[in-house]
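Chemist: The sequence and its predicted three-dimensional model are supplied below.
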Amino acid sequence: MAHIDGTRHTGKMALLTGARSGIGRATALWLAAFGLSLVLAQRAPSR
């Protein structure tokens, strides 16, 4: 898989909200595929 902007992102971190479903989930999976570590924030623990 190609790297974003031609650079490696291993060791980088991103904060992502809305990663439970839909576009947020797809974005989380996409960023993880490029080697980013993710912090996933959600509104409520029960959701």
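Modeler: Nice, I can see it.

Chemist: Would you state the strands of this structure in chain order?
Modeler: With DSSP state E, the ranges of strands along the chain come out as 13-17, 37-41.

Chemist: Format those as CSV; extra columns: distance to residue 24, mean neighbour count and mean pLDDT.
Modeler: For every residue, glycine as well, the C-beta is placed using N, CA and C. Output for the strands of the chain, formatted as CSV (distance: least, CB to CB, whole Å; neighbours: other CB atoms under 10 Å; pLDDT from 0 to 100):
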stretch, distance to residue 24, mean neighbour count, mean pLDDT
strand 13-17, 7, 12, 91
strand 37-41, 9, 12, 92
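
Chemist: Let me have those in TSV, extended by distance to residue 23.
Modeler: Output for the strands of the chain, formatted as TSV (distance: least, CB to CB, whole Å):
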stretch	distance to residue 23
strand 13-17	11
strand 37-41	14
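
Chemist: For residue 18, list the residues it contacts.
Modeler: 24, 42 (CB atoms under 8 Å, 6 or more residues apart in numbering).

Chemist: per-residue pLDDT, the residue nearest the centre of the chain?
Modeler: With distances taken as CA atoms, centre = their mean, the residue of the chain nearest its centroid is residue 28 (2.9 Å). Note for residue 28: predicted pLDDT of 92.

Chemist: So it is in contact with residue 16, correct?
Modeler: Yes: in terms of CB atoms under 8 Å, residue 28 counts as a neighbour of residue 16; the distance is 5.5 Å.

Chemist: who touches both of these two?
Modeler: Common neighbours of residue 28 and residue 16 (CB under 8 Å, 6+ apart) are 38, 40.

Chemist: coming back round to it: check contacts around the residue nearest to the centre of the chain.
Modeler: 16, 19, 38, 40 are the contacts of residue 28 under CB under 8 Å, 6+ apart.
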